[in-house]
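>>> show me how the following folds:
(chains A, B, C and D)
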2 protein chains.
Amino acid sequence: MEDTPKTMPRLDESLLSHVPPFSKLDKRQIREILDVASVRRLGEGVAVFEEGAPAERFFMLLDGYIRVMRITPAGEQVIALHIPSGQLFGIAKAIGRDTYPATSVTASEAIILSWPMRVWDEFAVRYDGFASETYKTVGQRIGEMNNRIVEMATQQVEQRVANALLRLINQTGRKVEGGIEIDFPITRQDLSEMTATTLHTVSRLLSAWEKQGLVSSKRKRITVTDPHRLVLLCRGVAAN
Amino acid sequence: MEDTPKTMPRLDESLLSHVPPFSKLDKRQIREILDVASVRRLGEGVAVFEEGAPAERFFMLLDGYIRVMRITPAGEQVIALHIPSGQLFGIAKAIGRDTYPATSVTASEAIILSWPMRVWDEFAVRYDGFASETYKTVGQRIGEMNNRIVEMATQQVEQRVANALLRLINQTGRKVEGGIEIDFPITRQDLSEMTATTLHTVSRLLSAWEKQGLVSSKRKRITVTDPHRLVLLCRGVAAN
DNA sequence: TCAGAAGTTTGCGCCATCGCAAATTCCGGT
DNA sequence: ACCGGAATTTGCGATGGCGCAAACTTCTGA
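So this is what the prediction gives:
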């Protein structure tokens, strides 16, 4: 990702033609949609919107990764999920809210389209499939959150971290020689904020797994070399 | 609740006139809606629908409480939330799903209206405010789940249980002499499944709090006698 | 009225995980 | 090439909360 510096894309119809909420539309309609969109290219670690702010725009991630998180009164961060490219986000309107329920930050360099929230209803009535597809997205996110809750309630740290890694390589994995790499820079700290543990514990786990040949990692980079055995860990099967 | 045996209500317009998704409608419209509804009176602990089942109907809780939960492969239960009367539930359609994402069970005696899911779209186009209000409900649930995740990630057991109690008395509390009682039967086990801990730990906490005059409890009944001091506990302030 | 089931309380030992601290490695900037 | 900050690793001690077990209480139904 951040290895390949992004150039500003031309706002071409092909950009959106494979994105679910827009995929049923014809060229003219996509043109209309792009005409009211803004594009931004952001570096890593840049906030797109903050929890509680009035939801004035909604977004679509063209390239890169977005991290959605919340911050506690005590200042601890909890990472809720990562959004891969091709998804809408900040769609407060779809859940009847007028403020953003969480903060979102770029997890890598990213290219983002956005529209003023007021065109939402217009899109919903004018473009067939737009509303229903975005509700599906909401449904998926709810499902993920649900799983997250069950996971945190019933599994222990090792399994949670293994799960998080697998989810990351599923959603954002890139094949490299020797395994599948998480496609954006991620620290032990980040991983700990995704799994409700500490960076120390994550570090210990990764070290142990590296010794056993399950993963290999550098600074801010993690490659899963043996996804299959990692799956076993998730089920609570001890890795010998 | 279960102390006052419920009688089957007449399907009267006034039943729905104060329920958000229907509150903007006139009598004739509510009449139409009731005409296609079924009513059921259920005892405590009865399943309304099961996770994964095709979402053939959606529901509205007229009286009582519903517990929404998931069951892990290992058979552990995790209680996601409680629904108070006056809310729609099982609204898979609103999140673009065709199966229920969780199991729901009556937490008390309950009276439930339901409609076949196929009338959903009809309601959405025909009745002003129906769709937008249900999306708000979805938004609220997402907010609650989010909070739950943050809570489990950052707080320890004592705070989580205190939080759960406060949430319960806010949503379902009933004033009694000496405090606010949770309005449906709830066991230590239930509370532990809401807070990702064990019934033993919950029992110990309640005992300790009872000694300090924060709560009083009998079998399946919990009364919060000093909500204010319980709030302090949530913030991590040690009791006395 | 009694027996069994269901729910609750409490003690005790253990261990997964945290918290703190210190050392080490890596990387970007000048 | 070097310096300083960021990220990572690892050790060690403390402990919150679990798991198991046993006793007790409260309900329900026959």
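>>> buried residues in the host helix or strand of A:Glu133?
According to DSSP states H and E, A:Glu133 maps onto helix A:130-154. Neighbour counts using 16 or more other C-beta atoms under 10 Å in any protein chain shown place A:130-131, A:133-139, A:141-142, A:145-146, A:148-154 of helix A:130-154 among the buried residues. (Glycine included, C-beta is placed from N, CA and C.)
>>> next helix or strand past it?
Per DSSP H and E, helix A:130-154 leads on to helix A:157-172 as the next helix or strand towards the C-terminus.
>>> near chain B, anything from that following helix?
No - shown here: helix A:157-172 not in contact with chain B (C-beta under 8 Å from any C-beta of the partner chain), separated by at least 10.3 Å.
>>> and that helix with DNA strand C, contact?
Yes - contact of helix A:157-172 with DNA strand C (C-beta under 7 Å from any atom of the strand) involves A:Val157, A:Glu158.
>>> tell me which other helices or strands that helix touches.
Applying 3 or more C-beta pairs under 8 Å, 6 or more residues apart in numbering or on different chains; DSSP states H and E, one finds that helix A:157-172 makes contact with strand A:77-83, helix A:130-154, strand A:179-182, helix A:188-195, helix A:199-211, strand A:221-224, helix A:227-234.
>>> so which of the ones you listed is nearest B:Glu122?
For the helices and strands packed on helix A:157-172, proximity to B:Glu122 was assessed by C-beta to C-beta; helix A:130-154 is nearest, at 15.0 Å.
>>> what angle do the closest one and strand B:77-83 make?
Counting by axes from the mean of the first three to the mean of the last three C-alpha atoms, to 10 degrees, helix A:130-154 lies at 130 degrees to strand B:77-83.
>>> how far does helix A:130-154 sit from the chain's center?
Between the centre of helix A:130-154 and the centre of its chain there are 13 Å (C-alpha atoms, centre = their mean, to the nearest Å).
>>> how many residues are close by A:Arg28?
Using other C-beta atoms under 10 Å in any protein chain shown, A:Arg28 is surrounded by 9 other residues.
>>> ok so it is a helix residue?
Yes - counting by DSSP: H, G, I helix; E, B strand; the rest coil, A:Arg28 is located in a helix.
>>> now stretch A:56-63: buried residues?
Under 16+ other C-beta under 10 Å, the buried positions of stretch A:56-63 are A:Arg57, A:Phe58, A:Phe59, A:Met60, A:Leu61, A:Leu62, A:Asp63.
>>> the residues you listed in strands, which ones?
With strands taken from DSSP state E, the overlap with those comprises A:Arg57, A:Phe58, A:Phe59, A:Met60, A:Leu61, A:Leu62, A:Asp63.
>>> so the third one versus chain B, what's the distance?
Plainly put, A:Phe59 is 17 Å away from chain B if you go by C-beta to the nearest C-beta, to the nearest Å.
>>> likewise for the fourth one?
Noted for A:Met60: a distance of 17 Å to chain B, by C-beta to the nearest C-beta.
>>> how about that residue: what's its closest non-neighbour residue?
A:Leu113 (4.6 Å; C-beta to C-beta, 6 or more residues apart in numbering or on different chains).
>>> can you tell me the element the one you found falls in?
Here A:Leu113 sits within strand A:110-116, counting by DSSP H and E.
>>> helices and strands around that strand, which ones?
When contacts are defined as 3+ C-beta pairs under 8 Å, 6+ apart, strand A:110-116 sits against strand A:38-42, strand A:57-63.
>>> any buried residues in that strand, and which?
Buried-residue list, strand A:110-116, by 16+ other C-beta under 10 Å: A:Ala110, A:Ile111, A:Ile112, A:Leu113, A:Ser114, A:Trp115.
>>> could I get it in CSV with only the CA atoms?
The C-alpha trace of strand A:110-116 is given here as CSV (Å, rounded to 0.1, in the frame of the first residue of the first chain):
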residue,chain,number,x,y,z
ALA,A,110,-6.0,6.2,1.1
ILE,A,111,-8.1,7.7,-1.6
ILE,A,112,-11.6,8.7,-0.6
LEU,A,113,-14.7,9.9,-2.3
SER,A,114,-17.3,11.8,-0.4
TRP,A,115,-20.7,13.3,-0.8
PRO,A,116,-22.7,15.8,1.2
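>>> how's chain A carved up into domains?
With domains defined by automatic domain parsing, chain A comprises A:13-152, A:155-234.
>>> contact residues of chain A facing DNA strand C?
Chain A comes close to DNA strand C at residues A:Gln156, A:Val157, A:Glu158, A:Ala196, A:Thr197, A:Thr198, A:His200, A:Thr201, A:Lys218, A:Arg219, as judged by C-beta under 7 Å from any atom of the strand.
>>> hmm, 10 Å instead?
A:2-3, A:76, A:155-161, A:185, A:192, A:195-205, A:218-221 (C-beta under 10 Å from any atom of the strand).
>>> buried only: go through those for me.
Buried, going by 16+ other C-beta under 10 Å: A:2, A:155, A:157-161, A:185, A:192, A:195-197, A:201-203, A:205, out of the residues of chain A next to DNA strand C.
>>> residues contacting A:Arg221?
Residues near A:Arg221 by C-beta atoms under 8 Å, 6 or more residues apart in numbering or on different chains: A:Glu181, A:Ile182, A:Pro185, A:Ile186.
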